[in-house]
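[1] one predicted model, sequence on top.
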Amino acid sequence: MGHSHSEPHVTPLKVYFGIFGSLICLTFVTVGVSYLGLPPSLSIIVAMAVATVKATLVSLWFMHMLHDTKFNVSLFLASIWFIGIFFVFTTLDMASRDKVLKSSDTFEYRKDYAAEVAK
Amino acid sequence: MSSEHAHADHPPYQAHFFHTMEQQNSSSKLGMWCFLVQELLFFSGLFMAYVAMRYFYPDTFSEVQERNLLSIPMGFTNTLVLLTSSLTMALAVREAQLIPIQEGAEAQKHRSNMMKLLLVTAILACVFLVIKYFEYTHKIHIGLLPGSFYDFPEWPVFKDPGTGKILGVMGENGIIDVRSAPHIFFALYFVMTGVHGLHVVIGVGVILWLFLRGKRGEFNQENYSAVENVGLYWHLVDLIWIFLFPLLYLVQ
């Protein structure tokens, strides 16, 4: 390393405004879609897909991940990977615990309870 | 090389234990990334709590939207405010990158641009907090509060007369629906937006700290890692809101 400094990578203004415009458009999309009255399972998928695209735009251009070192980027990707493990395994646990534990009445109507308390 | 010679070689902002500014900058950025990764893991716990509660009480989450208990216009405005502040922050970092090492009119111009953009970012962050304040006070006023504090007459819950514990929502004919839990939704709402709001407050503080350092004539194109790191933090705060807004305000 001969030089004590290197010129930073300066992103052109056009790129910043382009990314900002896309983020605003996607915000309108996600709000617009919410008024369509999609079924819950579909609406959460659409909303999360749009949010993921927005997050990608922010991290690649605003956070300069495009020009960051491979080490910093892999640190970020590793955290996403571990969050994925956390989410998948916890969800699998929630989805399968009824098969193990007999606790289904926890989330059922309890018609008798008010009468029981009143006694 | 005598130690005095080495000393003269260093710009005043370069710490002695770094060989080059490049090394100093990449070290500070690595430290910032470690912190941001920790932030992501920390917030993922809250998001997982959201997923779990949605899994257990799906009807509650749809009913919150059906009853319009969260103001979409306010959340939408806040999203636009935060995205704009992210842009001004990115532009402030860009101006810092353009400040030449040689002081002069050019350096002053870019530094003053940077400071103006930092100030706009801090003001937008305050606008976000003011809107959040109005949302919070309205909810507190009508009783949409977390856990046992929940007391919203239009969607009443049934509390155990003995322990005061919320057992479910009062349905027709005195039936208690234990599958509905608005008090848990609002616990999630206040914790998630509250922790995020705390990050915004801290963000205002560190942005003003950069502003003061700029006022003292600091930062140039080889010494701007503080500006860049605060920028990374601010974009992360934006990133988290990008997920919070649809999950809490929009998804049925």
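    Noted; the coordinates are in hand.

[2] after the host helix or strand of residue A:47, next one along is what?
    Taking DSSP states H and E as the criterion, the element that holds residue A:47 is helix A:40-57. Toward the C-terminal end, the helix or strand that comes next after helix A:40-57 (DSSP H and E) is helix A:70-100.

[3] does that next one reach chain B?
    Yes: for a cut-off given as C-beta under 8 Å from any C-beta of the partner chain, helix A:70-100 has contacts with chain B, namely A:71-72, A:75-76, A:78-80, A:82-83, A:86-87, A:90-91, A:94-95. For every residue, glycine as well, the C-beta is placed using N, CA and C.

[4] stretch B:89-105 and chain A in contact?
    Yes: using C-beta under 8 Å from any C-beta, we find that stretch B:89-105 touches chain A at B:89, B:90, B:91, B:94, B:97, B:98, B:101.

[5] residue B:22 versus the first one, what's the distance?
    In other words, residue B:89. Between residue B:89 and residue B:22 the distance is 23 Å, computed by C-beta to C-beta, to the nearest Å.

[6] so which of these two has more stuff around it?
    Neighbour tally, residue B:89 and residue B:22, criterion other C-beta atoms under 10 Å in any protein chain shown: the higher count belongs to residue B:89, 30 against 15.

[7] I figured the more buried one hits residue B:122, correct?
    No: here residue B:89 lies out of contact with residue B:122, judged by C-beta atoms under 8 Å, at a distance of 9.6 Å.

[8] and the residue lying closest to residue A:71 once chain neighbours are set aside, which of the three is it?
    Distances taken as C-beta to C-beta, 6 or more residues apart in numbering or on different chains put residue B:30 closest to residue A:71, at 7.1 Å, once the chain neighbours are dropped. Of the three states, residue B:30 takes helix according to DSSP: H, G, I helix; E, B strand; the rest coil.

[9] tell me who's in contact with residue B:30.
    Shown here is residue B:30, whose contacts under the criterion C-beta atoms under 8 Å, 6 or more residues apart in numbering or on different chains are A:71, A:72, A:75.

[10] next secondary structure after the one helix or strand residue B:34 maps to?
    Under the criterion of DSSP H and E, residue B:34 resides in helix B:21-56. Sequence-wise, the next helix or strand downstream of helix B:21-56 (DSSP H and E) is helix B:58-66.
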